[in-house]
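A.B. asks: I would like the atomic coordinates for the input below:
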Amino acid sequence: MRNLTRGALALALPLVLPAALSAAPAHAGPRAAPEGWRLVAAEPFNRHLDDRRAPWRPDGDGPSSPYNVDMYDNDGAYFDTVGGPAFRQQLAKMKTYRKSFAFGKRGWLTAELAARDADGDGRPDAPPTLTSRGGAAHLDEPAHQAGVVIRSTRDLPAEYRVEMTLRGLDFGGQRGGSWDYPDGRINGYSPEGCKTNFPWASGGDFARPECEWADVRTDSNGFYYMSIMDYRQVAPHNNVFVHGHRKVAMDGYNRYKYTGSGLLNCNPATKQYEPYSAGTGNGVNAIFMTDDRRYATSPGTEYLMESECGLRKGGAIVSTVDLKPELLPAEPYTFAIERRDGAYTMEMSGVFAHVGRATFRYTRSFVQDGEPIWHYNQRPDEYDGRFNAGWTWKGPGGTLTDHDTWPAGSAYPDRFMIGDPHMNFYEGSAKVDDIRLYVPD
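C.D. replies: This next block holds a predicted model:
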């Protein structure tokens, strides 16, 4: 932990609210604005939404692509370095297709979908879809080599609260006490064909055939309930890219039959950590990203994890609460992120394992106990460069240095994201409703 402080520190505040203040039952009518906030945009998904109205377009990556961001892109120099010439040979076996369209009042929301064409027929294979039915958005992703997210079209304001209601979830985790489903799916993945993280990884033999890469079925499935990203054209990318561009995130990371020490559950009733296997694999990870590197060979930032069990930095990933997907849609969940008074707050409400209906809130200031929230500053004058660094990568392709990962004079917008942004992991479906944006009253 760095021995640095910055201004007045907001406490890391776990707060459990009574049932009356928690998520409302399904379609219970418009919610009142939380105290101190004023509603400025809302999407109830009661109008027809269908991504088929937007065309699929090829994305060739590179500087001419609107999705070009940095060296960790799908065709980024990072993969040339750790994969060597074999990476380009593998990448050439597929093409990426994308579609993007704005919706909601004055287009305040944008859908971003991506898929691959591996058979060369000029059309994406098993593409994801985004439609609205029954007053909710349906995000359907039949194959893991794709992605679908809903994001804010414009930068979020200096202070805000953004929230969404979850009415359906089928992105892995145990069902009926089993990781292997009656319909043949494995942790939410189809049993058909091989499913691997090809062609993006942080190391290993990039020349391997696709089916010899890491098996995602027996690794993990997941979903982002709400995340704040640090760049503008938020869209599906490889998982390495995504892990370096989050400020704060509430997501699911559902590890198939995992019994190791790299994951923990927090039991909010006893306030004690439990082995991951004690839960159902439907946890929510509430993570504040910080500037230290979590991984030696890839650009993921380190984790600050608040829960009723306390604060942990690094080490085992903590599931703050365990969801009960079998109660959806009758008992929905609400996820919210606030940025106010120099701090972020993550909030989750609904019926959770061990405690029933409750609301949990966790707050950290920009710099607290010497630990910053990654790329917090929306403006250059909010940050003085003290956490700048250089990250160096080595591999068959040589040596690559990512200079100035957080320099003075930098600025990073806040854009929220909901869905699956990983184009080489995660598969399933979800129902999202009532995305709402507030500003201070």
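A.B. asks: Now for the residue lying closest to H48 once chain neighbours are set aside: which residues touch it?
C.D. replies: Among residues not flanking H48 along the chain, S132 sits closest, at 6.3 Å (Cβ to Cβ, 6 or more residues apart in numbering). Backbone N, C-alpha and C define where each C-beta goes, glycine included. If you count contacts by Cβ atoms under 8 Å, 6 or more residues apart in numbering, S132 has them with 45-50, 138.
A.B. asks: Try it again at 10 Å.
C.D. replies: Taking Cβ atoms under 10 Å, 6 or more residues apart in numbering as the contact definition, S132 lies against 43-50, 103, 138, 431-433.
A.B. asks: That one pairs with what?
C.D. replies: Beta-bridge partners for S132, by DSSP bridges, are A137.
A.B. asks: Need the pLDDT of it.
C.D. replies: In the predicted model, S132 carries a pLDDT score of 98.
A.B. asks: what lines up beside whichever strand or helix holds T290 in the sheet?
C.D. replies: Counting by DSSP states H and E, the secondary-structure element that holds T290 is strand 283-293. Strand 283-293 has the following strand partners under DSSP bridges: strand 246-255 (antiparallel), strand 301-307 (antiparallel), strand 321-322 (antiparallel).
A.B. asks: Minimum distance to V82: which of those has it?
C.D. replies: With respect to V82, and counting by Cβ to Cβ, the nearest of these is strand 301-307 at 17.9 Å.
A.B. asks: Buried residues of the following helix or strand past that closest one, list them for me.
C.D. replies: Secondary structure here is assigned by DSSP H and E; on that basis, the next helix or strand after strand 301-307 toward the C-terminus is strand 310-313. Along strand 310-313, the positions that meet the burial threshold by neighbour count (16 or more other Cβ atoms under 10 Å) are 311-312.
A.B. asks: Repeat that for stretch 271-282.
C.D. replies: Under 16+ other Cβ under 10 Å, the buried positions of stretch 271-282 are 273-274, 276, 279-282.
A.B. asks: How about stretch 208-226?
C.D. replies: So for stretch 208-226, counting by 16+ other Cβ under 10 Å, buried means 208, 210, 213, 216-217, 219-226.
A.B. asks: Considering those residues, which is situated nearest to H144?
C.D. replies: Distance ranking of the buried residues of stretch 208-226 against H144, using Cβ to Cβ, places V216 first at 5.7 Å.
A.B. asks: backbone phi and psi for that closest one, please?
C.D. replies: As for V216, its main-chain torsions (degrees, to the nearest 10) stand at phi -80, psi -30.
A.B. asks: follow-up on the earlier one: pull the distance from the strand holding T290 to the chain's centre.
C.D. replies: Between the centre of strand 283-293 and the centre of its chain there are 11 Å (Cα atoms, centre = their mean, to the nearest Å).
A.B. asks: that older thread, buried only: go through the contacts of S132 for me.
C.D. replies: Neighbour counting with 16+ other Cβ under 10 Å marks 43-45, 49, 103, 138, 431-433 as buried within the contacts of S132.
A.B. asks: For N377, state which of those is nearest.
C.D. replies: E43 (28.1 Å).
A.B. asks: what bridges to the closest one?
C.D. replies: When assigned by DSSP bridges, E43 has beta-bridge partners I435.
A.B. asks: For it, which residues are in contact?
C.D. replies: Counting by Cβ under 10 Å, 6+ apart, E43 has contacts 49, 103-105, 108-109, 132, 137, 150, 164, 432-437.
A.B. asks: quick one: pLDDT of it?
C.D. replies: According to the model's per-residue confidence, E43 sits at a pLDDT of 98.
A.B. asks: mind checking how far it is from R436?
C.D. replies: For E43, the distance to R436 under the criterion Cβ to Cβ, to the nearest Å works out to 8 Å.
A.B. asks: and for these two, which residues touch both?
C.D. replies: Common contacts of E43 and R436 (Cβ under 10 Å, 6+ apart): M164.
A.B. asks: how about D381, secondary structure?
C.D. replies: When the structure is split into helix, strand and coil by DSSP: H, G, I helix; E, B strand; the rest coil, D381 lands in helix.
A.B. asks: measure it to S410 for me?
C.D. replies: Taking Cβ to Cβ as the criterion, D381 is separated from S410 by 11 Å.
A.B. asks: Same drill for those two, tell me which one is more crowded.
C.D. replies: For D381 versus S410, the count of surrounding residues by other Cβ atoms under 10 Å is larger for S410: 17 against 9.
A.B. asks: is it true that the more buried one touches P380?
C.D. replies: Yes - taking Cβ atoms under 10 Å as the contact criterion, S410 and P380 are neighbours in contact, 6.5 Å apart.
A.B. asks: How about stretch 58-76, which residues are buried there?
C.D. replies: Judged by neighbour count using 16+ other Cβ under 10 Å, the buried positions of stretch 58-76 are 59, 65, 67-69, 71-76.
A.B. asks: now do stretch 319-326
C.D. replies: The neighbour-count check on stretch 319-326 (16+ other Cβ under 10 Å) flags 319-325 as buried.
A.B. asks: quick one: which of the buried residues of stretch 208-226 sit in strands?
C.D. replies: Among those, the subset assigned to strands under DSSP state E consists of 220-226.
A.B. asks: What is the nearest of the residues you listed to S261?
C.D. replies: S220 (15.9 Å).
A.B. asks: in the sheet, who's paired with the closest one?
C.D. replies: Note on S220: beta-bridge partners R255, judged by DSSP bridges.
A.B. asks: gap between it and E427?
C.D. replies: Here S220 is placed at a distance of 11 Å from E427 (Cβ to Cβ).
A.B. asks: who touches both of those two?
C.D. replies: Common contacts of S220 and E427 (Cβ under 10 Å, 6+ apart): 172, 187-188.
A.B. asks: Can you show me the helices along this structure?
C.D. replies: Along the chain, the segments classed as helices by DSSP state H run 77-83, 85-91, 239-243.
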